[in-house]
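**Student:** Sequence below, structure please.
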Amino acid sequence: MANVNIKPLADRVVIEPAVAETTTASGIIIPDTAKEKPQKGTVVAVGAGTKDNPVTLKVGDTVLYGKYAGTELKLEGKDYLIMRENDVLAVI
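**Tutor:** I've put the predicted structure just below:
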């Protein structure tokens, strides 16, 4: 798990997306142009929440999120997403 020097505000979380699949289950190699954005990742930082809505996610949770959810961020050569907790669809 990554140690990120970023502290999200309010009900936001920082997620490290999972690596995109490079082959199918049957062994066919997927070219870079056909790869889809992953919709699964690991929570690496959590905000404090708001007065009315405390954050229920915690660092280390594996989550599913919408395909176009969040704001992309590149920090120290790694890709991250910052999104509101309510953009997260499920915890795996």
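**Student:** Helix or strand: which one has residue 81?
**Tutor:** Residue 81 is part of strand 78-84 when elements are defined by DSSP states H and E.
**Student:** Mind listing what's buried along that strand?
**Tutor:** Counting neighbours by 16 or more other CB atoms under 10 Å, one finds that the buried residues in strand 78-84 are 80, 81, 82, 83, 84. Where C-beta positions appear, they are placed from N, C-alpha and C, glycine not excepted.
**Student:** Between those residues, which sits nearest residue 54?
**Tutor:** For the buried residues of strand 78-84, the closest approach to residue 54 (CB to CB) belongs to residue 84, at 13.6 Å.
**Student:** Contact partners for that closest one?
**Tutor:** Counting by CB atoms under 8 Å, 6 or more residues apart in numbering, residue 84 makes contact with 11, 12, 13.
**Student:** Try it again at 6 Å.
**Tutor:** Going by CB atoms under 6 Å, 6 or more residues apart in numbering, residue 84 touches 11, 12.
**Student:** do residue 50 as well
**Tutor:** Counting by CB under 6 Å, 6+ apart, residue 50 touches 10, 11.
**Student:** and it, which of the three is it?
**Tutor:** Three-state call for residue 50 (DSSP: H, G, I helix; E, B strand; the rest coil): coil.
**Student:** Could you check how far it is from residue 35?
**Tutor:** Using CB to CB, to the nearest Å, residue 50 is found at 36 Å from residue 35.
**Student:** Next one, pLDDT for the residue in the chain sticking out farthest from the centre please.
**Tutor:** Here the chain reaches farthest from its C-alpha mean at residue 26, the gap being 27.0 Å by CA atoms, centre = their mean. Residue 26 carries a pLDDT value of 86.
**Student:** Cool, thanks, signing off.
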